[in-house]
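J.: quick one, structure for this:
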Amino acid sequence: MDARLNMFGSPIAGKVWKHIIAANKELAASSLPAATQELVKIRASQINGCGYCLDMHTKDAAAAGESAVRLNLVAAWREATVFTEAERAALELTEQGTRLADAAGGVTDEVWANAAKHFDEEQLAALVSLIAVINAFNRGNVLTQQPAGDYQPGQFG
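T.: Numbers count the residues shown, from 1 in each chain. Below is the predicted model of the structure:
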């Protein structure tokens with residue numbers, strides 16, 4: 001399978017994606033826990049059907065020591081007992097922030113308040129930004145049908 005478009009072969013797309021990649025690097029250095037960041041990226045990518053990002057983030061998370069049990073249960077986090085309350089709040093915010101078109105009101109006050117119980121203002125800012133950035137990556141990859149399966153952990157790090 002070949003991608004529909006080489007995003008870095010296009011002058012305009014290459015410029016835009018360099019900014020999105022730079023934003024992602026800033027978020028990686030934030031105080032939002034790295035494990036939470038990977039769980040958020042995985043959950044948004046599951047919802048958006050982005051195989052490329054799922055390949056990348058599950059492999060990076062595993063390489064960083066994330067357990068197979070937790071990785072396998074991200075899609076069913078509500079029923080799983082392996083996530084902290086803070087991770088669960090982040091996953092719920094991710095779902096509502098990713099499925100904006102499915103919920104006329106967007107993110108509920110209840111979900112926001114729950115996230116705010118577990119994360120300080122800087123972490124919340126990072127979490128909101130991370131959800132926006134991974135959704136941008138997902139959409140670009142799905143639109144261009146980026147193939148999944150060949151990513152090596154840390155390939156872009």
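J.: mind checking pLDDT for residue 157?
T.: Note for residue 157: predicted pLDDT of 65.
J.: repeat that for residue 145.
T.: For residue 145, the predicted pLDDT is 94.
J.: pretty sure it contacts residue 49?
T.: No - using Cβ atoms under 8 Å, residue 145 is not in contact with residue 49; the gap is 10.9 Å. In short, each C-beta sits where N, CA and C put it, glycine included.
J.: okay, the two: which has more neighbours?
T.: Remark: of residue 145 and residue 49, residue 145 carries more neighbours, 14 against 11, as counted by other Cβ atoms under 10 Å.
J.: mind checking how far that one is from residue 115?
T.: 33 Å (Cβ to Cβ, to the nearest Å).
J.: repeat that for residue 129.
T.: Residue 129 is 13 Å from residue 115, by Cβ to Cβ.
J.: more crowded one of these two?
T.: Remark: of residue 129 and residue 115, residue 115 carries more neighbours, 24 against 16, as counted by other Cβ under 10 Å.
J.: quick one: secondary structure of that one?
T.: Applying DSSP: H, G, I helix; E, B strand; the rest coil to residue 115 yields a three-state assignment of helix.
J.: list of residues touching stretch 66-80?
T.: Stretch 66-80 is contacted by residues 35, 38-39, 42-43, 46, 58, 61-62, 82-83, 87-88, 91 when judged by Cβ atoms under 8 Å, 6 or more residues apart in numbering.
J.: if anything else comes up later, I'll come back, but that's it for now.
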